[in-house]
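In: need coordinates for the below:
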Amino acid sequence: MTFYEVATTDKETFVTDEKRLLTVEDCANRLGVARATLYPKVMAGELRSVRIGRRRLVAIEDLDAYVDALRRHADRQSGATA
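Out: Okay, the predicted model is just below:
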């Protein structure tokens, strides 16, 4: 099953080809890390996910929030050492 994001404007509705829910493996590929690196973070709740049947899926918004949190952490770390 594939989920697609629906975007709307005042004049039209269209479907993008962007999946709203990604597998952990898809997330790992987007981040350039191994699934084995990312999965423990999902299980620890650092990267929010949902379980649908036997699959664990991550919303794109949650992946974006995870990356933003990593950036904020890196900014704080670099500010503390500067």
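In: helix/strand/coil for Gly45?
Out: Under DSSP: H, G, I helix; E, B strand; the rest coil, Gly45 falls in the coil class.
In: how near is it to Gly79?
Out: Look at Gly45 and Gly79: by Cβ to Cβ, to the nearest Å, they are 26 Å apart. To be clear about C-beta, it is placed using only N, CA and C from the backbone, and glycine gets the same treatment.
In: quick one: contacts for the residue nearest in space to the middle of the chain?
Out: The centre of the chain sits closest to Leu63, judged by Cα atoms, centre = their mean, with a distance of 1.8 Å. Leu63 makes contact with 22, 27, 30-31, 47, according to Cβ atoms under 8 Å, 6 or more residues apart in numbering.
In: cool, and Ala36?
Out: Contacts of Ala36 by Cβ under 8 Å, 6+ apart: none found.
In: give me the element it is part of.
Out: Element membership of Ala36 [criterion: DSSP states H and E] is helix 35-43.
In: same question, Val58
Out: In this assignment (DSSP H and E), Val58 forms part of strand 55-59.
In: now do the buried residues in that strand.
Out: Neighbour counts over strand 55-59 (16 or more other Cβ atoms under 10 Å) mark 57-59 as buried.
In: from these, which is closest to Ala74?
Out: Closest approach to Ala74 among the buried residues of strand 55-59 (Cβ to Cβ): Val58, at 20.7 Å.
In: pretty sure the closest one is touching Gly45, no?
Out: No. Contact criterion Cβ atoms under 8 Å: Val58 and Gly45 do not qualify, at 11.9 Å.
In: sounds good, over and out.
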